[in-house]
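Peer 1: fold the stuff below for me.
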Amino acid sequence: DGLSKKADYRHFIVRGPEGKGVPDDTAAMDEVLRRRLSRLVQGAAGDDAGGAEDEPAEDQLEGSGQVSGAPRRFAYRPDLLVVDGGLPQVNAAQRVVDELDADVRVIGLAKRLEEVWVPGEEFPVIFPRTSPALRLLQQLRDESHRFAITFHRKKRGQAMTRSVLDQIAGLGPAKQKALLKHFGSVSKIRAASIDDLMEAPGIGPALAATISQALHTPKE
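Peer 2: Residues are numbered from 1 along each chain as shown. You can find the predicted model right below:
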């Protein structure tokens, strides 16, 4: 009925063949779809009802409706696979579908003119701007962007936090964790006095002074 089902949302961390990322969006799409559709094929072979399997840690849920430790269904067959982009992205997705014999229909939504591309067709489908079908596709696209961007910002923030604290001599992972738990963020740690820093578990006078100096020293 056009409603989102957040329990079925997934994040995929794109690693590339050597774990160093991929050169472009079509390569990223190829990797993600192979992981997604391989589960579909495996599930269909092992369970005609759709299959169930444990989900690797990197493919994470947004919803919390799943029971911890229970198998999570992710081998169901989608009715339609919508990719973000035009004919190059659609062709990349269709190539994976064909190679894996996944039997899933593919279309692409190109944002510039909101054109709908179909594999094998020379020209896109143009829906009226007031079309409910177009609005549904736009909602899918915009929601997937929101979900991915939120996850990216979270990971980037964690990486930035870790890099700042990693540069402080004598401040190991356990004490970093204690500081973040006590203050809640790096900005609050930076604003704390030496006496405030010493209230965090494991932070003595010398280390508190080192932390304060490191976080207040201008970087080149």
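
Peer 1: looking at this, Leu116 is in a helix?
Peer 2: One thing to correct before we go on: residue 116 is Val, not Leu. No. Judged by DSSP: H, G, I helix; E, B strand; the rest coil, Val116 forms no part of a helix; its state is strand.

Peer 1: start the count at 12 instead of 1 going forward.
Peer 2: Done: numbering now begins at 12, and the last item shifts to Val127.

Peer 1: mind giving me the packing neighbours of the lengthiest helix in the chain?
Peer 2: In the chain, with assignment by DSSP state H, the single longest helix is helix 143-177. Packing partners of helix 143-177 (3 or more CB pairs under 8 Å, 6 or more residues apart in numbering; DSSP states H and E): strand 92-95, strand 117-121, helix 184-194, helix 197-202. The C-beta positions use only the backbone N, C-alpha and C, and glycine is treated the same way.

Peer 1: report the angle between that helix and helix 184-194.
Peer 2: Relative orientation of helix 143-177 versus helix 184-194 (axes from the mean of the first three to the mean of the last three CA atoms, to 10 degrees): 120 degrees.

Peer 1: what about helix 143-177, average pLDDT?
Peer 2: On average, the pLDDT along helix 143-177 is 80.

Peer 1: so where is the protein shaky, pLDDT-wise?
Peer 2: Low-confidence segments of the chain (pLDDT under 70): 54-86, 167-174, 228-231.

Peer 1: ok so, going back, buried sites along the longest helix of the chain?
Peer 2: 145, 148, 151-152, 158, 162, 172, 175-176 (16 or more other CB atoms under 10 Å).

Peer 1: how far off centre is it?
Peer 2: On the basis of CA atoms, centre = their mean, to the nearest Å, helix 143-177 sits 7 Å off its chain's mean C-alpha point.

Peer 1: equivalent analysis for stretch 87-99, please.
Peer 2: For stretch 87-99, the distance to the chain centre is 17 Å (CA atoms, centre = their mean).

Peer 1: list the buried residues in it.
Peer 2: Neighbour-count burial for stretch 87-99 flags 92-98 (criterion: 16+ other CB under 10 Å).

Peer 1: list just the nearest of these to Ala211.
Peer 2: For the buried residues of stretch 87-99, the minimum distance to Ala211 (CB to CB) is 43.7 Å, reached by Asp95.

Peer 1: contacts only, for the closest one.
Peer 2: Contact analysis of Asp95 by CB atoms under 8 Å, 6 or more residues apart in numbering lists 119-120, 122, 152, 155-156.

Peer 1: go again using 7 Å as the cut-off
Peer 2: For Asp95, the contacting residues are 120, 152, by CB atoms under 7 Å, 6 or more residues apart in numbering.

Peer 1: returning to what we had before: kindly reformat the helices and strands packed on helix 143-177 as TSV containing distance to Glu110.
Peer 2: Shown next, in TSV, are the helices and strands packed on helix 143-177 (distance: least, CB to CB, whole Å):
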stretch	distance to Glu110
strand 92-95	14
strand 117-121	13
helix 184-194	42
helix 197-202	45
